[in-house]
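J.: Give me a model of this one.
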Amino acid sequence: MRYIPIEKTEQDMILARSVYDNTGRVLLSCGTVLTDEYIDKLYDRGLPGIYIEDKLAEDIEIEEAISEELRNEGAEALRNGDVDAAMGVGRRIVDEIIQNPRVTLDLIDLRSYDDYTYRHSVNVAVISTVIGINMQLNRLALDELSIAAILHDIGKRRIDPKIINKKGKLTPEEYTEVKRHSEYGYEMVKSRIDLSAKIKNAILLHHENEDGSGYPKGLKGNQIFIYAKIIHVADVFDALTAKRPYKKAYAQSEAAEYLMGSCDRMFDREVVKAFLQCVSLYPKGTQVQLSNGKEALVVEATKSPLRPKVRIIEDGTDMDLSSLYEYRNITIVPPHDGDIS
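T.: Below you'll find the predicted structure:
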C-alpha cells in the first residue's frame, strides 16, 4: 500500500485502509473504489490523505502501532470526558504495543479537522509509550506514562471551543487562556486517588522546556519529571505532522529535524534520541523526491534513517540508498513548505 495526499487522490483508486468518521463509524471501507463524489467528501472532512492499493506498492506492508478500534475508543472516551475509560485505553495501548516492541511509527494518522483534539491525545499516548519502551521503562511506568499522555490535554475541555478551533492567529489573551490548559487539566484530576502523583505531575508540566522558558512553572532540566519530558516530545511531533485548517503538515523528517534542533532548549536530548530510534523519518509508502529528479516510494527503513530503501515510480526499480557504494550521490530532497506526500 502507499499514502496519497488528498489533493493527489484520483477516481478509481482503491482504498487500502478504511476511513472512519469522528465517532469511529466506517465512512469508506477498505477495498472501496473511489469516485469523484467520495473524494469530494473526504476533502471536505479535512482528511490529509488516504492509503491506496496498487501494483507499484502491493508488497509494502505497514504495521499499525495500535488497532484502529482502540484509537477510536480512546478518541470517544476523550470526547465524552470519560477519564475512567481513557485510563483503560491508556493501559491497553501499552498492552498492544508491547506485543510488538520493535514497532516503528510509520502509519500516518488519517484524522479530520474536527477530530484533531481527541485523536491527537491518543497519538501522543502511542508515541510516548514507544519512547518509554526505548528508554527501558518498566510496565508500571509505561502504564502511568500512557495514561498521563492520553489525558495531557484534558484541561482544554474548560476552554471555549471557539478558541481551541480558531483558524486564525490567537490574540494574546486567547493564547494566555490556551496556555492554562495544563493547569486546568491538573485541577480536573488532582483529587483522584486512582491517579498517581507522577501522572498528575506530567499533565501539569508537559509544556515545560529544558531551559526554563516553558509553562506553567518555568522549570528547568532535572526539575521536570521524565514523563512530562517524553510527552512534550510526543506532543510537539504529533502537532507538527498534523494537517490543520491554518497550516500544512510537516513531513516526519522535518518534524524530527525540529526536535533535534531544539534539544537542550525545549527538549531533553536523551528523550529525543530515544524518539529517533522508533520513528521513521521517511514512513513506508510515502512519496519522496530524489536529488536525481526521480520520484520514488519509500519501501522500508534501513540502518541509516536518512537513507531508506525506495522504489522509482517511473519504472518500479528498487534502490537501497544506504548502499553508499552504489547510490552515495543520490539523496532525498527535503520537502517544501511543510508538504508531505
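
J.: ok, how many other residues are close to residue 269?
T.: Using other CB atoms under 10 Å, residue 269 has 11 neighbouring residues. Heads up, the C-betas are built off the backbone N, CA and C, glycines and all.

J.: With adjacent residues omitted, what lies nearest to it?
T.: Spatial nearest neighbour of residue 269, excluding adjacent residues (CB to CB, 6 or more residues apart in numbering): residue 263 at 4.4 Å.

J.: The one you found pairs with what?
T.: Listed beta-bridge partners, residue 263: residue 267 (assigned using DSSP bridges).

J.: A helix includes residue 194, no?
T.: No. Read with DSSP: H, G, I helix; E, B strand; the rest coil, residue 194 is coil and lies in no helix.

J.: mind checking pLDDT for it?
T.: Note on residue 194: pLDDT of 96.

J.: Give me the neighbour count for it.
T.: 10.

J.: and the residue lying closest to it once chain neighbours are set aside, how many residues sit next to it?
T.: Once flanking residues are discounted, residue 194 sits nearest to residue 87: 7.5 Å by CB to CB, 6+ apart. Residue 87 has 21 neighbours, counted by other CB under 10 Å.

J.: and the strand or helix carrying residue 87, how far from the chain's centre?
T.: Using DSSP states H and E, residue 87 maps to helix 83-98. Offset of helix 83-98 from its chain centre (CA atoms, centre = their mean, to the nearest Å): 17 Å.

J.: Give me the average confidence score over it.
T.: The model assigns helix 83-98 a mean pLDDT of 96.

J.: Give me the contacts around that helix.
T.: For helix 83-98, contacts defined as CB atoms under 8 Å, 6 or more residues apart in numbering pick out 65-67, 70, 73-74, 76-78, 103, 122, 125-126, 129-130, 133, 139, 142-143, 146-147, 149-151, 154, 188-189, 192, 194-195.

J.: What spatial separation is found between the residue nearest to residue 194 and residue 285?
T.: Distance of residue 87 to residue 285, given as CB to CB, to the nearest Å: 33 Å.

J.: what's the answer for residue 152, then?
T.: Relative to residue 285, and taking CB to CB, residue 152 is found at 29 Å.

J.: same thing with residue 332?
T.: Counting by CB to CB, the gap from residue 332 to residue 285 is 15 Å.

J.: Going by neighbour count, which of the contacts of helix 83-98 are buried?
T.: Neighbour counting over the contacts of helix 83-98 (16 or more other CB atoms under 10 Å) leaves 65-66, 70, 73-74, 76-78, 103, 122, 125-126, 129-130, 133, 142-143, 146-147, 149-151, 154, 188-189, 195 as the buried ones.

J.: helices and strands around the helix ranked longest in the chain, which ones?
T.: In the chain, taking DSSP state H as the definition, the longest helix is helix 116-134. Helices and strands touching helix 116-134, by 3 or more CB pairs under 8 Å, 6 or more residues apart in numbering; DSSP states H and E, are helix 68-79, helix 83-98, helix 139-150, helix 226-240, helix 269-276.

J.: quick revisit: more neighbours: which of residue 332 and residue 285?
T.: A count of neighbours by other CB under 10 Å puts residue 285 above the other of residue 332 and residue 285, at 23 against 20.

J.: Isn't the more buried one up against residue 59?
T.: No. Using CB atoms under 8 Å, residue 285 is not in contact with residue 59; the gap is 10.8 Å.

J.: Around residue 168, how many other residues sit close by?
T.: If you count neighbours by other CB under 10 Å, residue 168 ends up with 7.

J.: Pull up the gap between it and residue 174, please.
T.: Using CB to CB, one gets 10 Å for the distance from residue 168 to residue 174.

J.: can you tell which of the helices and strands packed on helix 116-134 is closest to residue 255?
T.: For the helices and strands packed on helix 116-134, the distance to residue 255 is smallest for helix 226-240, at 4.1 Å, taking CB to CB.

J.: Could I get the CA-only coordinates of the closest one as PDB?
T.: Output of helix 226-240 as PDB, limited to C-alpha atoms (Å, rounded to 0.1, in the frame of the first residue of the first chain):
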ATOM      1  CA  ILE A 226      10.700  12.300  32.900                       C
ATOM      2  CA  TYR A 227       7.000  11.600  31.900                       C
ATOM      3  CA  ALA A 228       6.500  15.300  31.200                       C
ATOM      4  CA  LYS A 229       9.700  15.400  29.100                       C
ATOM      5  CA  ILE A 230       8.600  12.400  27.000                       C
ATOM      6  CA  ILE A 231       5.000  13.700  26.500                       C
ATOM      7  CA  HIS A 232       6.500  17.100  25.500                       C
ATOM      8  CA  VAL A 233       8.400  15.500  22.600                       C
ATOM      9  CA  ALA A 234       5.500  13.300  21.500                       C
ATOM     10  CA  ASP A 235       3.100  16.200  21.700                       C
ATOM     11  CA  VAL A 236       5.100  18.600  19.600                       C
ATOM     12  CA  PHE A 237       5.900  15.900  17.000                       C
ATOM     13  CA  ASP A 238       2.300  14.900  16.500                       C
ATOM     14  CA  ALA A 239       1.200  18.600  16.300                       C
ATOM     15  CA  LEU A 240       3.800  19.400  13.700                       C
END
